[in-house]
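In: quick one: sequence and predicted model below, then my questions.
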Amino acid sequence: MLRSVVAVLVLAGVLSAQANKPAGDTKPSGPAPEVSVPTYGNTTCPLMNRPVKPDMFVDTPHGRVLVCCKNCVAKAKKDPEGTYAKAYPTPQKVGNKTDPISGKPVKEGVTAVYLGHEINLEDAKHAKAVVANGDIYVTLLTKPEIKDVNNTKDPTNDKPVTDNHFAVVGTSLIRLSSADSVEAVKKDPAKAIEKAQKSAKK
């Protein structure tokens, strides 16, 4: 009998504590969603077969190719297409059925190539936009569980988003104004998603 009375009193205390909990105190339980930034750049210099350096590169129509030194930068600039071909000799077909820009069914033979990934298109005019946001589109097309929030403002500073700057928070891809915003997203991922959704394209 005594145990029953104690159990009732404990339960009453728990219920009372919940009832007195501030209305604004609604922090979600469990770990924060993981934040990542998938990238597809080469890690080995196509000219010297050495590890690349992030500040050594040449821009090509198919994305940025990293190299290992200033000498390789000079060589790569003389032949960007050849340098790209050495870095990515065999394109991987993404196999998408709809154009990532228009959402319409793709047409046979119409593609964009970004850092070794061949992306199908409905209109060849979309190739430039696809390459400009290549990391974003390769991520979305190769990882179907990830969904684009399609926000127009950076949730960490309210600045307009810019090409190819983003972070994946859990299964949501949010666009950013610069790579510097990633650390701010990591500090409060849930808030970043919430704010990004407010500027999402309808």
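Out: The structure has been received and is ready for your questions.

In: what does stretch 98-108 rub up against?
Out: Residues outside stretch 98-108 that contact it (CB atoms under 8 Å, 6 or more residues apart in numbering): 96-97, 119-123, 126, 129-130, 137, 140-141. For every residue, glycine as well, the C-beta is placed using N, CA and C.

In: looking only at pLDDT, what's the mean for that stretch?
Out: For stretch 98-108, the mean pLDDT works out to 96.

In: please parse the protein into its domains.
Out: Domain assignment for the chain by automatic domain parsing gives 34-88, 90-143, 145-202.

In: measure the last one end to end?
Out: Translated: domain 145-202. 20 Å (CA to CA, to the nearest Å).

In: likewise for stretch 150-161?
Out: Using CA to CA, one end of stretch 150-161 lies 10 Å from the other.

In: what about that stretch, distance to the chain center?
Out: How far stretch 150-161 lies from its chain's middle: 14 Å, per CA atoms, centre = their mean, to the nearest Å.

In: on that earlier part again, in CSV, list the domains of the chain along with mean neighbour count.
Out: Conversion of the domains of the chain to CSV gives the following (neighbours: other CB atoms under 10 Å):
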stretch, mean neighbour count
domain 34-88, 16
domain 90-143, 17
domain 145-202, 17
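
In: tell me which stretches of the protein form strands.
Out: 35-36, 57-60, 63-66, 92-93, 111-114, 117-120, 147-148, 166-169, 172-175 (DSSP state E).

In: partner strands of the second one and their direction?
Out: According to DSSP bridges, the neighbouring strands of strand 57-60, each with its direction, are strand 63-66 (antiparallel).

In: quick one: contacts of the partner strand?
Out: Applying CB under 8 Å, 6+ apart, the set of residues contacting strand 63-66 is 40-43, 45-46, 52-54, 56-59, 76, 80, 83-84, 87, 114-115, 131, 134.

In: appreciated, that's everything.
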